[in-house]
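**Student:** model this:
(one chain, ligands or ions: 1)
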Amino acid sequence: MSQRFTHALVRPPGRTFADGLTTADLGAPDLELALEQHAAYCRALGACGLEVIQLPADDAFPDSTFVEDTALLVGRRALLARPGAPSRAGEVEAIAPAIARWCPAPARIDAPGTLDGGDVCETDRLVLIGLSERTNEEGARQLARWLAEESIPSATIDVHDVPGILHLKSGLSWLGEGRLAVIPALAGHPALAGFGLVTVEPEESYAANCVRINDRVLVARGNPRFEAALRERGYDPLPVAMSEFARMDGGLTCLSLRRPA
Ligand code: CIR
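**Tutor:** Purely as a prediction, here's the structure:
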């Protein structure tokens, strides 16, 4: 499990983007600005050294720009997820051909399991799996079994009662060098014992969703204290504007599926 990646799959938001699921009280997204922010996100991935593969926008699925939720790429293996929101179920078949270029026979989460990729956080020692409104116990069990086939340990973190987060990775992200960025509400969880924690300030909680890619860390623009905390620890943060995706409960990790080196 590394933080080195070679490729990223992305899908720009479609014309139906504003019809997607959201709990945020931030108003409707502006599609033109969302497309600009998506293009800037892709440039940032390129600046991290990734080859960016753009899939066509898919108006049939308003949330389809959040590709991370549909699949997992771990080493040379792939797992097709089974999103917990019924409106997102069809996104998995839509991403499958793109995954097949790297892994022709991916595993799958089967019913009654549900799993969103946003609930899966790889680290250097284990995979953290969120139990959420989207990922159920059965989905987490199937994922843990799949990881165990490669001797990769995992632990679950129940986020149902953690206010303000949709997925585990809305509240925690892997930074590399043994560290996680984390919101205060998750910092005391026993599964995080032994990690270095960079706790985000409550008013910068959105920053907990960040992405370590090769030598950089993508961070949501507008979180200066978190950026400073990263710099102090020797990281090289790359801020990316995310306002229009935040309106739809999305963060930096969900906009791409990253292929490990
Ligand atoms: C949803 O509710 O499914 C989308 N509007 C947002 C998904 C964000 N995905 C992620 O954090 N991995």
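**Student:** I figured F226 was touching N209, is that so?
**Tutor:** No. In this structure F226 lies outside contact range of N209 using C-beta atoms under 8 Å: 10.8 Å. In short, each C-beta sits where N, CA and C put it, glycine included.
**Student:** more neighbours, the two?
**Tutor:** Counted by other C-beta atoms under 10 Å, F226 and N209 do not tie: N209 has more neighbours, with 29 against 25.
**Student:** what pLDDT does the more buried one get?
**Tutor:** The model reports N209 with a pLDDT of 98.
**Student:** OK, contacts around the residue of the stretch 101-250 of the chain found nearest the ligand?
**Tutor:** Nearest residue of the stretch 101-250 of the chain to the ligand (C-beta to the nearest ligand atom) works out as G118 at 2.4 Å. Residues in contact with G118, defined by C-beta atoms under 8 Å, 6 or more residues apart in numbering, are 66, 68-69, 130, 134, 166-170, 251, 253-254.
**Student:** Skipping adjacent residues, who's closest to it in space?
**Tutor:** Leaving aside its sequence neighbours, G118 sits nearest to H167 (C-beta to C-beta, 6 or more residues apart in numbering; 3.3 Å).
**Student:** does the one you found really touch D119, like I thought?
**Tutor:** Yes. Using C-beta under 8 Å, H167 makes contact with D119 at a distance of 4.9 Å.
**Student:** Give me the common contacts of the two.
**Tutor:** Shared contacts of H167 and D119, counting by C-beta under 8 Å, 6+ apart, come down to G130, S132, R134, T135, V159.
**Student:** what's the farthest-apart pair in those?
**Tutor:** Using C-beta to C-beta, the shared contacts of H167 and D119 reach their maximum pairwise distance at R134 and V159, which is 9.9 Å.
**Student:** shared neighbours of these two, which are they?
**Tutor:** D119, H167.
**Student:** Roughly how far does the residue nearest to G118 sit from Q37?
**Tutor:** Counting by C-beta to C-beta, to the nearest Å, the separation of H167 from Q37 is 20 Å.
**Student:** Looking at the two, which one has more neighbours?
**Tutor:** Neighbour count, other C-beta under 10 Å: between H167 and Q37, H167 has more, with 29 against 23.
**Student:** what's near enough to touch the more buried one?
**Tutor:** Taking C-beta under 8 Å, 6+ apart as the test, what H167 contacts is D69, D116, G118, D119, G130, S132, R134, T135, V159, C254.
**Student:** any chance of those residues in a markdown table, plus secondary structure and distance to G75?
**Tutor:** Shown next, in a markdown table, are the contacts of H167 (DSSP: H, G, I helix; E, B strand; the rest coil; distance: C-beta to C-beta, whole Å):
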| residue | secondary structure | distance to G75 |
| --- | --- | --- |
| D69 | helix | 20 |
| D116 | coil | 20 |
| G118 | helix | 20 |
| D119 | helix | 19 |
| G130 | strand | 21 |
| S132 | coil | 25 |
| R134 | coil | 24 |
| T135 | coil | 21 |
| V159 | coil | 26 |
| C254 | helix | 21 |
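**Student:** Among the contacts of G118, which one lies nearest to L218?
**Tutor:** Closest approach to L218 among the contacts of G118 (C-beta to C-beta): T253, at 8.6 Å.
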